[in-house]
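1. Fold the following, please.
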Amino acid sequence: MASEVNMTKFFPVDSETLFDYFVQPNLIEQWAYPDGMTLKIPEFDAKVNGRYRYEHTAKDGKYVCTGRVKEIIPGKKLIQFDEEIKGPDGSLIFQNLESGIEFFSKPGGTEIRLYVRGFEDEEGAVECEQGWQQSFDHLSAIVGKDTGFQRGMDESEQWPDVRG
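-> Below is the predicted model:
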């Protein structure tokens with residue numbers, strides 16, 4: 001049975017700034033990795049059909065994700081198609097995953113809605129969701145440094161009043 005990931009997070013920063021953290025390799029490398037890993041992005045062409053290559057390194061070796069950008073609307077939407085994700089031994093872990101992120105301006109910041117589709121089983125989706133949550137925690141710490149807030153919030157939490 002196929003499964004997917006769906007997440008909503010709030011960050012106290014404008015949508016254009018937050019969007020940059022999803023399309024500029026030097027910014028992505030600062031946060032988009034699960035705990036215990038690092039990330040290098042040797043290729044990221046932020047345009048429709050642009051290619052990307054993410055290299056996550058862990059103690060057991062390098063995990064490589066290759067794919068292409070399906071849709072990009074600056075400050076609003078990014079859809080990527082991961083063609084292959086391979087483990088350190090070259091074995092195929094995932095293939096044909098679609099990830100979409102939409103950015104919504106809200107009072108005091110931006111809400112993002114993320115989906116990842118195409119998993120063959122629930123276990124893969126659970127692992128992916130954990131990786132995204134850890135990555136969002138890293139992003140929250142970075143955005144917090146830039147804005148004075150310390151973390152993003154999910155939809156159940158109170159939004160800060162930063163209107164001044």
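2. how about the nearest residue to residue 22, chain neighbours excluded?
-> Closest residue to residue 22 in three dimensions, ignoring its sequence neighbours and counting by CB to CB, 6 or more residues apart in numbering: residue 78, at 5.5 Å. The C-beta positions use only the backbone N, C-alpha and C, and glycine is treated the same way.
3. Hmm, residue 100 and that neighbour touching each other?
-> Yes: under the criterion of CB atoms under 8 Å, residue 78 is in contact with residue 100, at a separation of 7.3 Å.
4. So which bits of the lengthiest helix in the chain are buried?
-> For the chain, the helix with the greatest residue count under DSSP state H is helix 122-147. Neighbour counts using 16 or more other CB atoms under 10 Å place 124-125, 128-129, 131-132, 134-136, 138-140, 143-144, 147 of helix 122-147 among the buried residues.
5. so which of the residues you listed comes closest to residue 27?
-> Taking CB to CB as the measure, residue 27 sits nearest to residue 139 out of the buried residues of helix 122-147, at 9.3 Å.
6. helix/strand/coil for the residue nearest to that closest one when sequence neighbours are not counted?
-> Beyond its immediate neighbours in the sequence, the residue positioned closest to residue 139 (CB to CB, 6+ apart) is residue 31, lying 4.1 Å away. Look at residue 31: counting by DSSP: H, G, I helix; E, B strand; the rest coil, its state is coil.
7. Phi, psi for residue 31 please.
-> Reported as degrees, to the nearest 10, the phi and psi values for residue 31 are phi -140, psi -20.
8. and it, how many neighbours?
-> The local packing count at residue 31 equals 19, with neighbours defined by other CB atoms under 10 Å.
9. where's it relative to residue 119, distance?
-> Taking CB to CB, to the nearest Å as the measure, residue 31 and residue 119 are separated by 23 Å.
10. Spit out the contact partners of residue 27.
-> Shown here is residue 27, whose contacts under the criterion CB atoms under 8 Å, 6 or more residues apart in numbering are 20-21.
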